[in-house]
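Asks: Here is my input; please provide its structure:
(one chain, ligands or ions: 2)
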Amino acid sequence: MNILILGSGGREHAFAWKISQSPLCKKLYVAPGNAGTAEIAENIDISVNDFSKIAHFVIKHQIELVLVGPEDPLVKGIRDFFAESTHLKDVKIIGPDKQGAQLEGSKDFAKAFMSKYQIPTAAYATFTKKNLQEGKEYLSTLKPPYVLKADGLAGGKGVVILPELDKAQETLQDMLLNEKFGEASKQVVIEEYLDGIELSVFVLTDGQDYKILPSAKDYKRIGEGDTGLNTGGMGAISPVPFADDAFIKKVEDKIIKPTIEGLKNENIHYVGFIFIGLMNINTEPYVIEYNVRMGDPETQVVLPRLKSDFVELLQAVAEGRLARITLEIDPLTATTVVLVSGGYPENYEKGKNISGLGDVAEVITFHAGTSQEPPHIFTNGGRVLALTGLGNDIRDALTKSNQAAQTIQFEGKYYRKDIGLDLMKEPK
Ligand code: AMP
Ligand code: GLY
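Replies: Ligands and ions are numbered 1, 2, ... in the order given. Here you go, the predicted model:
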């Protein structure tokens, strides 16, 4: 079948890498893609939010399956757009409809859903500018640090964690009255701080049944030792050593099953990935957030461990046949180290020539922000490349990722040299 992937990051390159290995894929397109996807698929110059151009392309090129990478088109209702069109309603889309995508598109929706279905998460309350004063009072009843979340999508920047009450109250006011995060902070969720170790679990569902994909841990901060500004993700490891079978069983019973049941109960026909951001507090899982897509760079460590045919799996998801599929997961450990442009996540320059790509042999090189002018490849984003190593343990896999991170060069290159080190200290 002909397949279209929407997106342009490392996650989409990992999707394309895996899909291009399937004999079931005839022609693969990525919109808009990057220099990495251009090597294995055809990039098309269409934005992920331009639904009418996507629709024309899908019809003209007889696309049977669309895999949506980022959350934005899902929250904007790409699935609903296809369902409402006579020409597109039979196209298989991997990703939930607008209502299901609210699990990521509105923190208040997600918290209310968890509360209704008794899914463990931090205690919370939601405020608007009408009850700003109550919000300030609510903050004063909590213990520091204070967690404030813009309700809507804010490009991963909508969460503020502050140690001081007066600063938290000031920020709440700024978010609500001055719309610090635009429309997204018209409503603000205030929640209790959860103190534990973070990890992510990924679920693929056809709306009826589900499969649990390998767990992963992502490193969000720019600086070593988890310091500095938040980023999209500087590296990832899969599997997570402390997410043993007993822990995953708890996640399944207390979180995954009630989530799937809750969606059914709300008449949300959810077809796609559910990315569950978790906090492990003394071996008990709590949900920090839902995302309605795969993670980036988590996909770059999860997919290389999936032995099953990915297209067959996605087809089964779209056709409601997931119950009959058995996933085969590689027991090897995967690590990915992300090379970023100097200055990221703040201002950075693009267009730097990348060298050494041909000198790395032991990793899978996933492109994130790259562009090409053959034979040259240039930086074209904050996160530039994700270098995935596979090995018998974290150390083994990391040696490969780090070696490649050293070899590849571009002006301003930066990467964290401590990805995974915390997990090597962790007793199994
Ligand atoms: P989110 O966008 O909801 O994933 O939040 C971004 C980051 O903020 C998470 O990855 C956590 O590191 C942190 N965070 C969010 N909510 C909480 C919480 N209730 N307690 C502690 N940390 C949190
Ligand atoms: N790496 C975190 C995310 O994809 O949201």
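Asks: give the contact list for the residue in the stretch 301-428 of the chain that ligand 1 sits nearest to.
Replies: Closest residue of the stretch 301-428 of the chain to ligand 1, C-beta to the nearest ligand atom: P345 (13.1 Å). Any C-beta I mention is one placed from the backbone N, CA and C, and that applies to glycine too. Going by C-beta atoms under 8 Å, 6 or more residues apart in numbering, P345 touches I222, L229, N230, T231, G232, G382.
Asks: again, 6 Å this time
Replies: Going by C-beta atoms under 6 Å, 6 or more residues apart in numbering, P345 touches L229, T231.
Asks: which SS state does it fall under?
Replies: coil (DSSP: H, G, I helix; E, B strand; the rest coil).
Asks: how near is it to G232?
Replies: Counting by C-beta to C-beta, to the nearest Å, the separation of P345 from G232 is 8 Å.
Asks: Distance check, the residue of the stretch 301-428 of the chain closest to ligand 1 against M114.
Replies: 28 Å.
Asks: Ok, V91 next?
Replies: 32 Å.
Asks: between the two, which one's more packed in?
Replies: Ranked by neighbour count (other C-beta atoms under 10 Å), V91 and M114 place M114 first, with 22 against 19.
Asks: Which helix or strand contains the residue located most distally from the centre of the chain?
Replies: Within the chain, Q133 marks the point farthest from the mean C-alpha position, 34.4 Å out by C-alpha atoms, centre = their mean. In this assignment (DSSP states H and E), Q133 forms part of helix 132-141.
Asks: how about that helix against ligand 1, any contact?
Replies: No. Shown here: helix 132-141 not in contact with ligand 1 (C-beta under 6 Å from any ligand atom), separated by at least 13.5 Å.
Asks: Tell me the helices and strands packed up against that helix.
Replies: helix 165-177 (3 or more C-beta pairs under 6 Å, 6 or more residues apart in numbering; DSSP states H and E).
Asks: quick one: the residue of the stretch 251-400 of the chain found nearest ligand 1 from ligand 2, how far?
Replies: Closest to ligand 1 within the stretch 251-400 of the chain is E289: 3.6 Å, counting by C-beta to the nearest ligand atom. To ligand 2, E289 is 8 Å away according to C-beta to the nearest ligand atom, to the nearest Å.
Asks: Tell me how many other residues crowd that residue.
Replies: 17.
Asks: picking up where we left off before, which residues are in contact with the helix holding Q133?
Replies: So helix 132-141 is contacted by A125, F127, Y146, A168, Q169, L172, L176, I190 (C-beta under 6 Å, 6+ apart).
Asks: so what's the backbone phi/psi at the third one?
Replies: When quoted as degrees, to the nearest 10, the phi and psi of Y146 stand at phi -100, psi 130.
Asks: what's the nearest residue to it if we skip its chain neighbours?
Replies: Ranked by C-beta to C-beta, 6 or more residues apart in numbering and with sequence neighbours excluded, the top spatial neighbour of Y146 is A168, at 3.7 Å.
Asks: Next up, the contacts around that neighbour.
Replies: Taking C-beta under 6 Å, 6+ apart as the test, what A168 contacts is L139, Y146, L162.
Asks: what helix or strand does I222 sit in?
Replies: strand 221-223.
Asks: what about the very next helix or strand once past that strand, distance to the chain center?
Replies: Following strand 221-223 in sequence order, the next helix or strand is strand 227-230 (DSSP H and E). Averaging C-alpha positions (C-alpha atoms, centre = their mean, to the nearest Å) puts strand 227-230 18 Å from its chain's average.
Asks: Mind listing residues that contact strand 227-230?
Replies: With C-beta under 6 Å, 6+ apart as the criterion, strand 227-230 contacts K220, R221, I222, P345.
Asks: and the next element down the chain from that strand?
Replies: Past strand 227-230, the next helix or strand by DSSP H and E is strand 235-238.
Asks: In CSV, list the C-alpha atoms belonging to that following strand.
Replies: Only the C-alpha atoms of strand 235-238 are listed here, as CSV (Å, rounded to 0.1, in the frame of the first residue of the first chain):
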residue,chain,number,x,y,z
GLY,A,235,18.1,11.6,24.5
ALA,A,236,16.2,8.4,25.5
ILE,A,237,16.7,4.9,26.7
SER,A,238,14.6,1.8,26.2
